[in-house]
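> need a structure here:
(one chain, ligands or ions: 1)
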Amino acid sequence: MRNLWTDPTTLAITCGKGIVPFLEQELTDLGYEVLGSNETMVGIKAKNACRDILRLNLSLRTAQRVLWPFVQDTRCRNLDDLYDLAYYAPWEQILNVDEPFFVTNVTKNDTIQDSRMPTLRLKDAIVDRMRSKCGHRPNVSGAVPVRVEADGAILYSKPTALRSAMRVIRAVLEDWLNTIPETQERADLLIEVDGYDLMSGNFYLPKLDLMVLKKRFERTFASRITEGTPSAAIYLWWEDTHAKIYIDTSGNSLSRRGYRKEGWLAPMQESLAAACVMATGWDKKSPFVVPFSGSGTPAIEAALMARNILPGMFRADYAFMHLRGWTSIIPGEKAGVSARRRIGATPQDIWREMTAQAKREEVAHDDPSVPVIVGVDWEEEAVDIAERNANAAGVGHNVKFFVDDFADTSLSAQPGVIFMNPPYGERLEEETALEPLYDGISTWLRTAVPSGWEAWMITSSKPLSLRVRLQTKQILDFKNGALDCRLLGYDIGKPLADEPEQPAEAVETVEVEEVEE
Ligand SMILES: C[S@@+](CC[C@H](N)C(=O)[O-])C[C@H]1O[C@@H](n2cnc3c(N)ncnc32)[C@H](O)[C@@H]1O
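This is a model prediction of the structure:
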């Protein structure tokens with residue numbers, strides 16, 4: 001049996017769709033050899049398992065999870081096969097019998113109709129194995145993921161004790177939702193518990209009310225519910241008859257850095273925001289400007305990069321801290337100052353040294369090399385939230401947020417990069433209602449943005465993006481939540497002819513145009 005902390009291994013790192021090239025870039029920059037990749041996973045060689053697991057969890061900006069391959073079977077046809085595969089694996093060498101663990105599964109197998117079943121069966125096998133080897137039952141985490149979304153924006157998403165979750169959701173909804181007066185605005189509300197729809201539908205919910213609902217959920221849940229217990233994590237990937245069981249060393253997705261205390265409508269995942277910043281090719285020295293800044297994620301991610309603040313510095317808990325051997329001495333590892341009295345270092349000591357070293361390597365907030373990063377949103381509440389999030393990330397000094405219309409964003413004489421994540425239509429408003437906004441973006445980019453600046457925009461709407469009549473230099477596909485999006489890089493100073501006023505021949509002479517496939 002391989003030792004997770006000491007034996008050279010391969011590691012699989014997961015990420016969102018479209019992010020693989022940026023994750024590979026990060027891995028190569030860290031000096032890792034990339035062995036292969038698919039749409040959402042990159043495999044690498046890890047020569048020093050302990051240091052590599054810790055370092056990757058701490059440093060990767062675009063990743064979701066760092067997985068250690070444990071057991072696999074290419075003939076896993078059904079749940080009984082899955083049970084056997086898991087039961088005969090030496091879990092007692094990996095898990096602490098008294099620490100809770102949770103299981104995530106990604107299954108594409110025709111025999112499985114209920115997506116909870118692989119998780120339940122896998123949990124059973126692990127519990128049975130541990131009981132037979134250790135004499136008593138391990139503690140399976142009683143928390144289930146609860147997710148409350150309005151128009152795709154997350155209002156609440158945390159592991160929560162199941163029984164209290166149901167009670168609280170009912171209490172919040174019953175005394176409030178039914179009393180909302182009908183307005184012109186409707187929102188798609190989704191409440192999901194453990195991956196299952198508890199309630200979904202289209203309700204009259206003005207945007208302001210959504211914020212009230214969000215606060216209410218946060219307040220009510222915070223007071224009554226035990227947060228997801230820190231625990232070990234297991235990840236099952238099962239496609240047709242190929243099942244792979246990994247030890248998930250991250251637990252909660254690495255995208256959840258921990259600085260985003262509050263979200264605004266349609267917040268971008270931190271890992272996607274980081275990938276977008278990387279995609280713009282920003283040099284971390286010139287100005288970075290984010291109109292439509294919402295809760296501030298892309299601006300904050302840019303500031304973290306400029307300050308060399310590692311994304312894992314905000315999190316106190318990772319699943320690897322709950323695995324066996326976390327506090328055992330690793331042969332050949334010398335104890336540092338933090339463990340002066342011991343001869344050898346433990347993974348915990350190495351983590352302490354690694355994070356202390358990372359802290360020392362951060363660039364000071366007032367260092368002249370750190371550029372101006374600007375966020376602009378016309379909603380005062382969004383700007384307040386963004387400022388609080390930036391402060392929580394320790395970059396409050398470096399990101400300046402302004403309440404303004406995007407078109408009034410002031411740009412410095414020194415050219416830099418503009419990154420826009422405007423409303424898309426599917427999520428916040430109807431597409432047609434957003435046509436004037438995208439026309440406004442077009443006018444702003446063509447008339448107010450000086451040449452030398454770079455401009456990028458992410459959107460899920462092709463018809464709307466086509467209204468930005470500028471040549472595109474690059475188009476990249478990403479997934480933003482459930483939406484297929486494109487990140488478009490524009491050539492400032494190279495406008496396309498305005499369709500309505502131009503005769504047909506004039507439009508045809510344009511060399512590079514974003515073409516409908
Ligand atoms: C899709 S959200 C941005 C989400 C953000 N990237 C995040 O991660 O939180 C779009 C934002 O654009 C803002 N907005 C819409 N129209 C605007 C305008 N004309 N000027 C400035 N901000 C605007 C909205 O208030 C909203 O916060």
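
> Up against the ligand, what does the protein have?
Proximity of the chain to the ligand (CB under 6 Å from any ligand atom) is limited to residues 264-268, 292, 294-295, 297-298, 376-379, 382, 405-406, 421-423. From N, CA and C alone the C-beta is placed, and that goes for glycine too.

> try 5 Å
Contact residues (CB under 5 Å from any ligand atom) of the chain with the ligand: 266-268, 292, 294-295, 297, 377-379, 382, 405-406, 421, 423.

> These in strands, which ones?
Asp377 (DSSP state E).

> And the closest residue to Met354 other than its chain neighbours, how close does it get to the ligand?
The shortest distance from Met354 to any non-neighbouring residue, by CB to CB, 6 or more residues apart in numbering, is to Leu54 (5.7 Å). Leu54 sits 28 Å away from the ligand, going by CB to the nearest ligand atom, to the nearest Å.

> how many other residues sit next to Leu54?
For Leu54, the count of nearby residues is 25 (other CB atoms under 10 Å).

> Assess the claim that Thr249 and Trp68 are in contact.
Yes: judged on CB atoms under 8 Å, Thr249 makes contact with Trp68 at a distance of 5.8 Å.

> overlap in contacts of those two?
Common neighbours of Thr249 and Trp68, counting by CB atoms under 8 Å, 6 or more residues apart in numbering, are Ile53.

> Those two: which is more packed in?
Legend: neighbour count by other CB under 10 Å for Thr249 and Trp68, higher for Thr249 (26 against 23).

> In contact with the nearest residue to the more buried one once chain neighbours are set aside, which residues are there?
Distances taken as CB to CB, 6+ apart put Phe320 closest to Thr249, at 4.2 Å, once the chain neighbours are dropped. Contacts for Phe320 were tallied using CB under 8 Å, 6+ apart; they are Ile53, Leu54, Asn57, Thr249, Ser250, Trp326, Pro347.

> For Ala49, see how far away Phe320 is.
Note on Phe320: its distance to Ala49, by CB to CB, to the nearest Å, is 11 Å.

> what's the single longest strand in the chain?
strand 483-495.

> packing partners for it?
In terms of contacts (3 or more CB pairs under 8 Å, 6 or more residues apart in numbering; DSSP states H and E), strand 483-495 is packed against helix 270-279, helix 435-447, strand 454-459, helix 462-465, strand 470-480.

> Is it possible to get JSON lines of the ones you listed that adds mean pLDDT?
JSON lines is the format used below for the helices and strands packed on strand 483-495 (pLDDT from 0 to 100):
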{"stretch": "helix 270-279", "mean pLDDT": "98"}
{"stretch": "helix 435-447", "mean pLDDT": "96"}
{"stretch": "strand 454-459", "mean pLDDT": "97"}
{"stretch": "helix 462-465", "mean pLDDT": "93"}
{"stretch": "strand 470-480", "mean pLDDT": "95"}
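
> low pLDDT regions in the stretch 151-300 of the chain?
Low-confidence segments of the stretch 151-300 of the chain (pLDDT under 70): 159-185, 193-199, 203-210, 217-230.

> Nearest to the ligand within it, name that residue for me.
Gly294 (2.7 Å; CB to the nearest ligand atom).

> I'd say that residue and Trp264 touch.
Yes: taking CB under 8 Å as the definition, Gly294 is a contact partner of Trp264 at 4.6 Å.
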